[in-house]
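Novice: Here's my sequence, what's the structure:
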Amino acid sequence: MELPSAESCCGFGGTFALKNSETSVAMLGDKMRCVLNTRAEVLTAGDNSCLMHINGGLSRLRTGVHGVHLAEILASTEENPWPAA
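Specialist: I've put the predicted structure just below:
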């Protein structure tokens, strides 16, 4: 399923997260709420930076959501290659 507010930035973008850390954290919080509201077990993205930022936040909160890059999904031939979170 597509993430609600998928078009909204996760707040990482280059040096943005360093120069505007409070805003970046708030944007990440919004994005993580969208992810958690879907009750998804796996999150994917085509952009490594976005995936790293969101997955890192979800991991720190111990949500059990596992981030997987879109390329990993496309290259996979196994039924469920990702470990249970």
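
Novice: Just to be sure, Leu74 is in a strand?
Specialist: No - secondary structure assignment (DSSP: H, G, I helix; E, B strand; the rest coil) places Leu74 in helix, not in a strand.

Novice: where does it sit relative to His66, distance-wise?
Specialist: Note on Leu74: its distance to His66, by CB to CB, to the nearest Å, is 17 Å. Where you see a C-beta, it was placed from the backbone N, CA and C, and this is true even at glycine.

Novice: If you count surrounding residues, which of those two has more?
Specialist: The neighbour count for Leu74 versus His66, taken as other CB atoms under 10 Å, is higher for His66 (17 against 8).

Novice: and that one, bridged to which residues?
Specialist: On DSSP bridges, the residues paired with His66 through beta bridges are Val42.

Novice: State whether Asn48 and His69 are indeed in contact, as I suppose.
Specialist: Yes - under the criterion of CB atoms under 8 Å, Asn48 makes contact with His69 at 6.4 Å.

Novice: In contact with the nearest residue in space to Ala40 that is not next to it in sequence: list those residues for me.
Specialist: Once its chain neighbours are removed from consideration, Ala40 has its nearest residue in Val65; the separation is 6.4 Å (CB to CB, 6 or more residues apart in numbering). Each residue near Val65 by CB atoms under 8 Å, 6 or more residues apart in numbering is listed here: 35-36, 40-43, 55, 58, 85.
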